[in-house]
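A.B. asks: from the sequence below, what's the structure:
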Amino acid sequence: MHCGCTRRLAAVRRHLASAPHRKYDWSTIRPPPLPLPPLEDTISRYLEQLKPLLSTESHAEAAREAAEFERVLGKDLQQQLKRSVEADRTTSYVKPFWDAMYLGGRYVMAFSECPYHAVFLGQHCCAHGLRCRYPVVINSNPFVAWHPHPDPTQQSQATRTAGLVHKMLTWRQGMENGLVEPDGPAEPPNRRLCMTEYEKLFCTSRIPVVGGPDVHLTEPSARHIVVLRGAAVYKLNVVRDDGRISSERAIETAMAEILEFPTERDPSAAVATLTAADRDHWGRARTSLLEADPANKVGLNTIESAILHVCLDQTVPTNRKEVYETFLYGGKNGESRWYDKSVSLICTPSGDAAVNFEHSPFDGSTLIRMMNDVWHMAAGLSSGKDVPSTAAEDISWTPRPERVALVMSPEVRGATQAASASFGSLKGALNVSPVHFDDFGAAEIRGWGRDYGPDGVLHMAFQLAYGRIHKRHNISVYSAASTKAFLRGRTEAARCATAESVALAQHFSSTTGREARRELLRAAVRKHRAMSKEAGKGLGVDRHLFSLSCLAANRAPHMFGTAWAAHQKSTLSTSNCSVFGPSIITPGFGAVCDDGYGLGYVIGADAIDVCITNFTASRGTGGAGFGGVKQAVNDTVYNTDAARLGSEIATALREFRELFA
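C.D. replies: You can find the predicted model right below:
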């Protein structure tokens, strides 16, 4: 044993001695701290954002409540936040609360019989003491889908999977060796973005803890990946002790071998199904699994510590709707996923590929940077970023897959069956509808003039379409703005329902005259751009008031009551994942309230892709969603229809185009 350790150490030293010069040193990146805005500025922005959502009387009441909060309790809480910033310069003021929100089960919710709106209260329950820790699947985990490989001969399941895995390992190796260019511009100096989220991009799993909060397991020394197919789980070593990775051909051989293994579809044998359960159910089942057999500890550690997971699906989707359903929740046949894994690479038999990711350690921009690079690397193209052109690999090494066996006690098998049943109900209530709009894209929109940005134009189409269907305009609209320009920055909410966007949604159809209609659109898009820029500078409303609400707990029921609930209920929750080049089709995620929509989108040069989701049946309490703070539905449940919304969005875009013909 001593000799073996000596040989491994010697191999590592040889690798380090021969490692390439570090071109980029991420440790030298020093973004400024996330700004803590003056409380009076945030309150002013909050009241402005409430105007489109509330009646005149309700807004006046909200203003009185906000003034009282700012005068007494808010002033003290603001000082607490300031002291926390001064005490720890290595983080942001919002990060402790944001982590607790995600890992606590994402939200504290009131059940449908609770007469109060449910609002996240840090570690505190609502007035009735009701807590629900929702599954991460659909409610929190998004997917991001790649475009097919430009060479159709590379689209077979084993070949496509191997190419993507190999390039992801190459990218990770380059990141560790200082060969991956950081995010953000190189000039002017010190404008690079915060890169700390990449620490948990790979080798990370979320571990359930009964009662919460959950924890992260990160094992940066991991040298294997895990492959799921049917109910079976396999371990595949892909990194040598000296850091060299397996060749793409060897990985393809292993994937082809796994595809030839007999498959088991018994749902009760698929331990991964437990990760689709309520967090406490999964936490109790995980404890039972560890108690069932000592060997299960090793098996679970193998699964949870892997660099990444690969899901080799068995079902062939027949259309884009089925593809997105497969990527979001495993499709109608419930393809196996370990939803607690930071990165799960999914590949269908037809070579469609995506990543489903556990959202708590990082945001979409971090994952998409890697995915964009990887797609271009696999295609032999440039992503516009400096990345390794080759990997340090061992071409003589052909690792073999090893079955990971977990002993299923009757108790665990019963928990798996219960998880499967509840998961079936959850995904059965969700509708997924793809939109591929290829009349025009960003290139043409930019030609309309400097006042018409593609993102703002698409958002106005979202709101106009929603208003035409539901005859409502006083809804809150969420869009994520990255704050990675700041240390430990994640996102800020751009609340995109403004007085200008409501005017467009209300009056566009009845307004006559091209110039008058164009002015409605121009004003709304300009306001959208201004709010998005402000949010990206860390000067939004949500994260600041969210942090104060966590500190306040139940001491500010009026400030964080009805008006706050209206502000936070993201009826339209949106995410823009547009990138350089043709790598990403679209993201997708569940609607964040029962009577709302989830809209993940990519605006390409000549086309727009959107994945729209809605719930066809109320879940009563709603769920923990991607976007703003999720609310329980205690009033009317609207008849949402993702397919119809997609059709109306396309109609609105065509009508906007006519203004510039």
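A.B. asks: okay, CA-based contacts and neighbour counts for the rest of this
C.D. replies: Noted.
A.B. asks: burial check on Ser510, number of neighbours?
C.D. replies: A total of 8 residues lie near Ser510 under the criterion other Cα atoms under 10 Å.
A.B. asks: next one: it from Cys611, what distance?
C.D. replies: Between Ser510 and Cys611 the distance, using Cα to Cα, to the nearest Å, works out to 29 Å.
A.B. asks: hmm, Tyr452 is touching Arg526, no?
C.D. replies: Yes: counting by Cα atoms under 8 Å, a contact exists between Tyr452 and Arg526, whose distance comes to 7.3 Å.
A.B. asks: where does pLDDT dip in the protein?
C.D. replies: Residues of the chain meeting the criterion pLDDT under 70: 1-21, 105-132, 189-190, 265-269, 618-638.
A.B. asks: top helix in it by residue count?
C.D. replies: Ranked by residue count and defined by DSSP state H, the top helix of the chain is helix 514-536.
A.B. asks: state the distance from the closest residue to Leu50 other than its chain neighbours to Cys496.
C.D. replies: In space, not counting the residues next to it along the chain, Leu50 is nearest to His567; the distance is 6.4 Å by Cα to Cα, 6 or more residues apart in numbering. Here the criterion is Cα to Cα. By it, His567 lies 11 Å from Cys496.
A.B. asks: can you list residues touching both of these two?
C.D. replies: Each of Ser476 lies in contact with both His567 and Cys496 under the rule Cα atoms under 8 Å, 6 or more residues apart in numbering.
A.B. asks: follow-up on the earlier one: tell me what the longest helix of the chain is packed against?
C.D. replies: helix 454-470, strand 476-482, strand 491-495, helix 499-507 (3 or more Cα pairs under 8 Å, 6 or more residues apart in numbering; DSSP states H and E).
A.B. asks: and Glu48, which of these is closest to it?
C.D. replies: helix 499-507 (8.9 Å; Cα to Cα).
A.B. asks: which strands and helices lie in contact with the closest one?
C.D. replies: Using 3+ Cα pairs under 8 Å, 6+ apart as the contact test, the elements touching helix 499-507 are helix 454-470, helix 514-536.
A.B. asks: how about a cut-off of 6 Å?
C.D. replies: In terms of contact count using 3 or more Cα pairs under 6 Å, 6 or more residues apart in numbering; DSSP states H and E, helix 499-507 is assigned the packing partners helix 514-536.
A.B. asks: so which residues make contact with the helix it packs on?
C.D. replies: Where contact means Cα atoms under 6 Å, 6 or more residues apart in numbering, the residues beyond helix 514-536 that reach it are Gly456, Ala481, Ser482, Thr483, Glu492, Ala494, Glu500, Ser501, Leu504, Leu659.
A.B. asks: do that again at 8 Å, thanks
C.D. replies: When contacts are taken as Cα under 8 Å, 6+ apart, the neighbours of helix 514-536 outside the stretch itself are 451-453, 456-457, 460, 481-483, 491-496, 498, 500-501, 503-504, 508, 511, 540, 656, 659.
A.B. asks: re earlier: what helix or strand is the residue nearest to Leu50 on?
C.D. replies: In the assignment (DSSP states H and E), His567 maps to helix 562-568.
A.B. asks: got the CA positions of that helix in PDB?
C.D. replies: The C-alpha coordinates for helix 562-568 follow below in PDB (Å, rounded to 0.1, in the frame of the first residue of the first chain):
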ATOM      1  CA  THR A 562     -50.300  41.500   0.600                       C
ATOM      2  CA  ALA A 563     -48.400  44.000  -1.500                       C
ATOM      3  CA  TRP A 564     -45.200  42.100  -1.200                       C
ATOM      4  CA  ALA A 565     -47.000  38.900  -2.200                       C
ATOM      5  CA  ALA A 566     -48.300  40.600  -5.300                       C
ATOM      6  CA  HIS A 567     -44.800  41.900  -6.200                       C
ATOM      7  CA  GLN A 568     -43.300  38.500  -5.700                       C
END
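A.B. asks: check the offset of it from the chain's centre.
C.D. replies: Between the centre of helix 562-568 and the centre of its host chain there is 23 Å, according to Cα atoms, centre = their mean, to the nearest Å.
A.B. asks: after it, next one along is what?
C.D. replies: For helix 562-568, the succeeding helix or strand toward the C-terminus, using DSSP H and E, is strand 570-576.
A.B. asks: centre of the chain to that next one, how far?
C.D. replies: In terms of Cα atoms, centre = their mean, the gap separating the centre of strand 570-576 from the centre of its chain is 12 Å.
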